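**Q** After the sequence you'll find the predicted model.
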Amino acid sequence: MLATVFCTHLHVDHVGWNTRLSDGRFVPSFPNARYLFGRDELADWMAQREAGTIPALHGAAIEDSVIPILEAGLADLVDRGHELARNLTLTPLPGHTRGQMGALLDHPAGGAIFCGDAIHSPVQIYQPDVSTAVDADRSTAIVTRRALLEEASETGRLVVPAHFRGRRCARIRRAGSDFEPVFRGEPA
């Protein structure tokens, strides 16, 4: 069985384990895997790299954790709707980065959305208009976050962000015009 590594976006904290240092150079950590990068995400970072406008921290990550994957021929560029597995497809979640994507799991019990950094903190469930300092496009991030929360509250889809501590995921319920998380073990 072929392994797959899916990078929701190409920030340093989401690509750092793609490679490892071996004999003074970065090589793929999983040489038998296929690495999935969003086509738009990679194009945006490569354009910033070419223009010399890439932030230093993320530029270093592109150099040591993305370029070696491309050079090894292990990257597959994917778009919206790409099927990772049966009932598990990619969906765009722009804003945190221009091409961030998440994975939608469809299931009769409500499914899940693995949303990367579209929601970075539980605070953003209560206050979706709060953005992080590293959101590339804050207004788009807000629109994406609100749409994600709306859809999750309507369908019962479990929201699985990358950076939540402790309780790692939540269902979303409406509270008037606002949202609130329902963590496992709490009454719905």
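**A** Perfect, I can see it now.
**Q** contacts, neighbours, all on C-alpha from now
**A** Will do.
**Q** right, and Pro92 touches Ile113 too?
**A** No: Pro92 is beyond contact range of Ile113, at 11.3 Å (criterion: CA atoms under 8 Å).
**Q** Could you name every residue contacting both of the two?
**A** Common neighbours of Pro92 and Ile113, using CA atoms under 8 Å, 6 or more residues apart in numbering, are Gly102.
**Q** Mind checking which of those two has more residues around it?
**A** Neighbour count, other CA atoms under 10 Å: between Pro92 and Ile113, Ile113 has more, with 23 against 20.
**Q** Spatially, and excluding backbone neighbours, which residue is closest to that one.
**A** Leu104 (4.6 Å; CA to CA, 6 or more residues apart in numbering).
**Q** Just give the number of residues close to that neighbour.
**A** 22.
**Q** list the helices and strands the longest helix anywhere in the chain packs on?
**A** What stands out as the longest helix in the chain, according to DSSP state H, is helix 138-155. With contacts defined as 3 or more CA pairs under 8 Å, 6 or more residues apart in numbering; DSSP states H and E, helix 138-155 has these neighbours: strand 171-175.
**Q** SS state for Phe37?
**A** Taken by DSSP: H, G, I helix; E, B strand; the rest coil, the conformation at Phe37 corresponds to strand.
**Q** ignore the last one, Leu57
**A** Assignment for Leu57 (three-state DSSP): helix.
**Q** how much space between it and Phe30?
**A** Counting by CA to CA, to the nearest Å, the separation of Leu57 from Phe30 is 23 Å.
**Q** More neighbours: which of those two?
**A** A count of neighbours by other CA under 10 Å puts Phe30 above the other of Leu57 and Phe30, at 17 against 10.
**Q** Report the outermost residue of this structure with respect to its centre.
**A** The outermost residue of the chain, judged against the average C-alpha position, is Asp23 (30.8 Å), by CA atoms, centre = their mean.
**Q** List phi and psi for it.
**A** Per-residue torsions, Asp23: phi 50, psi 40 (degrees, to the nearest 10).
**Q** Please report how far it lies from Phe6.
**A** 26 Å.
**Q** ok, the residue nearest to Ile113 - contacts?
**A** For Leu104, counting by CA under 8 Å, 6+ apart, the contacting residues are Asn87, Leu88, Thr89, Leu90, Thr91, Gly111, Ala112, Ile113, Phe114.
**Q** cutoff 6 Å now
**A** With contacts defined as CA atoms under 6 Å, 6 or more residues apart in numbering, Leu104 is in contact with Leu88, Thr89, Ala112, Ile113.
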